[in-house]
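> below are the sequence and a predicted model for it; my questions follow.
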Amino acid sequence: RKESLPADRHPVAVYLASLAPGSRRTMRQALGVVATLISGGRADARTLAWEKLRYQHCQAVRSQLAERYSPATVNKILAALKSTLKECWRLGLMCAEDYHRAVDLKGIKSITLPRGRALSSGELRMLFEVCADGTKSGVRDAALLAVLYAGGLRRSEAVGLDLADYQSETGALTVRSGKGRRD
């Protein structure tokens with residue numbers, strides 16, 4: 001593409017704007033990988049003519065990704081590609097037939113165990129014992145461990161906690177900015 005579209009008509013810009021801030025960088029990088037693969041490094045996510053992609057291009061990208069990345073990474077990149085092509089269709093840059101054919105890609109299937117492991121009750125008890133040192137920071141750390149463990153919070157959710165989110169009368173804790181922009 002010689003001239004870049006304005007942001008309100010560019011499928012990548014419109015797609016990325018629809019995402020939560022934490023997802024934008026990840027999906028921008030994913031689209032950069034696709035643009036590099038398709039163009040042989042001559043275009044990036046902003047300069048690639050996404051609306052010209054067809055099924056054969058997307059299938060070739062899928063094959064190349066499957067050779068280079070883990071199934072989870074491939075599926076994430078394919079999700080970004082499909083969403084960008086959907087924006088091409090929504091913006092009137094691609095007809096419905098071309099869009100539906102282009103995104104008719106199978107995901108990469110795999111069965112992988114989650115990273116990490118569950119803590120044994122003994123390990124959890126030892127963590128709490130380390131925190132029980134009589135200091136304010138020890139009490140804080142024990143409270144944070146309890147919230148992480150009992151609430152199943154992600155690290156980013158725990159970091160976003162604020163004292164105002166705790167209601168001492170009910171014991172309720174509001175977790176803000178969870179995955180998918182959920183509170």
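On my side now, so go ahead.
> measure the residue sitting furthest away from the middle of the chain to residue 87 for me?
The centre of the chain is farthest from one residue, residue 134, which by C-alpha atoms, centre = their mean lies 39.7 Å away. From residue 134 across to residue 87, the span is 57 Å (C-beta to C-beta, to the nearest Å). The way it works is simple: take the backbone N, C-alpha and C, and place the C-beta from them, glycine included.
> and if you look at residue 49?
13 Å.
> now swap in residue 60 and tell me
Distance from residue 60 to residue 87, by C-beta to C-beta: 21 Å.
> for residue 17, what are its contacts?
Neighbour list for residue 17: residue 7 [criterion: C-beta atoms under 8 Å, 6 or more residues apart in numbering].
> returning to that earlier point: which of residue 60 and residue 87 has more residues huddled nearby?
Counted by other C-beta atoms under 10 Å, residue 60 and residue 87 do not tie: residue 87 has more neighbours, with 23 against 12.
> OK, contacts around residue 22?
So residue 22 contacts residue 156 (C-beta under 8 Å, 6+ apart).
> which pLDDT value goes with it?
Model confidence at residue 22, given as pLDDT, is 82.
> next one: the one 4 residues further on
At residue 26, the predicted lDDT confidence score is 95.
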